[in-house]
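In: Provide a 3D model corresponding to the input given below.
(4 chains)
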There are 2 protein chains.
Amino acid sequence: MAPDDSTDDLIDGMVRSAFQVMGVLTRIGAEHDLSLTQLRVLGILRDRQPRMSDLSAFLGLDKSTMSGLIARAERRGLLTRGTSPEDKRAVVVLITDAGRELTQRMDDDIREALAPATGRLGPEQREQLARLLEPLISPPLQATPRPDRPVRRTH
Amino acid sequence: MAPDDSTDDLIDGMVRSAFQVMGVLTRIGAEHDLSLTQLRVLGILRDRQPRMSDLSAFLGLDKSTMSGLIARAERRGLLTRGTSPEDKRAVVVLITDAGRELTQRMDDDIREALAPATGRLGPEQREQLARLLEPLISPPLQATPRPDRPVRRTH
DNA sequence: TATTGTTATACTCTATAACTATA
DNA sequence: TATAGTTATAGAGTATAACAATA
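Out: Residues are numbered from 1 along each chain as shown, chains lettered A, B, ... in the order given. Below is the predicted model:
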């Protein structure tokens, strides 16, 4: 494929902004003793009740890695494990009230931490940027049973 | 601060695209037995010779963490450590030819992996998106001695 | 005294392999 | 047999604390 400056510049910007966003998420997670992966899991659980295998597939992690991750978060009371009625082998993961509160708090922190950056753009530019990013983003993990209300998805 | 839909939507998009980009970088690093952090370090070293303390400050990692990271990469022949002439306490980190080649190869892989996404935009949209991302990105690590030629910075 | 870096230690994250239970 | 999940194990990533060398 022929080199393309517009693509190269865009990838540079995407990679650099990605590292910057990850830095913020890592720091805010750490302030609450959560790894980036755990923070992400909680974000996913906000509006879904996936099975262990759904999570490991979506996150690209081995199922044994998920077992440890979920076990540590469960020990802290941030989520619980339940068995699926349809398939007795399956384990569904559910966020607890404590997990939901912590997630909301971190979400506020994230918005605050990124405000200096997003504030460098005007409202129209922000909307334009959000619109341009949309086609680049893969669809999130399929929603499960209870989408009682419209939800904002960060994952 | 008052809630702002344009900011919320933008942050959602930035976080989601960041996770997607990190997924690509993690996978490509793993294909070459490199962690995300090591891949990032090599990217930084392409056009700079920072000291250990520069790296740990820029990456937000403890100096002891850097020692281990750099030691493992050095053992693999991807970089070397040298002492600074100005400050005998300081250790400067330099990429090797092997490290440079590997970095170039991964860079190609990254562009290829992201092509399906970036290709969903036209050339003008790509330029526009790159322009909008620019103000959001913090300045990279200060360049050191040998900027012999203009370089593209992903870090 | 302060700064730069390394080492020892401990815990988390991660994958591989072996296992149990269910489909 | 195949799939879902856990456990044991090992290596990498990370921070804290204690240390040596230089400023």
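
In: Stretch A:73-86 and DNA strand D, are they touching?
Out: Yes: counting by C-beta under 7 Å from any atom of the strand, DNA strand D has neighbours in stretch A:73-86: A:Arg81, A:Ser84. Just so you know, the C-beta spots here come from the backbone N, C-alpha and C atoms, and that holds for glycine as well.

In: hey, C-alpha coordinates of that stretch in CSV?
Out: Extracted C-alpha coordinates of stretch A:73-86, given in CSV (Å, rounded to 0.1, in the frame of the first residue of the first chain):
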residue,chain,number,x,y,z
ALA,A,73,-12.6,-7.6,42.6
GLU,A,74,-15.2,-9.9,44.3
ARG,A,75,-13.1,-10.1,47.4
ARG,A,76,-13.3,-6.3,47.6
GLY,A,77,-17.1,-6.3,47.2
LEU,A,78,-17.2,-4.5,43.9
LEU,A,79,-18.9,-7.3,42.0
THR,A,80,-20.4,-10.8,42.5
ARG,A,81,-20.5,-14.0,40.6
GLY,A,82,-23.8,-15.9,39.9
THR,A,83,-24.6,-19.0,37.9
SER,A,84,-26.6,-18.8,34.7
PRO,A,85,-30.0,-20.5,34.7
GLU,A,86,-29.6,-21.5,31.1
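
In: Now the helix ranked longest in chain A: average pLDDT?
Out: When chain A is parsed with DSSP state H, its longest helix is helix A:5-31. The pLDDT scores in helix A:5-31 average 96.

In: May I see the buried residues of that helix?
Out: A:6-25, A:28-29 (16 or more other C-beta atoms under 10 Å in any protein chain shown).

In: Cross-check those against chain B and keep the overlap.
Out: Restricting these to those near chain B by C-beta under 8 Å from any C-beta of the partner chain leaves A:6-23, A:25.

In: Just after the longest helix of chain A, pick out the following helix or strand.
Out: As assigned by DSSP states H and E, the chain's next helix or strand after helix A:5-31 is helix A:36-45.

In: Is there proximity between that next one and chain B?
Out: Yes: judged by C-beta under 8 Å from any C-beta, helix A:36-45 and chain B are in contact via A:Arg40.
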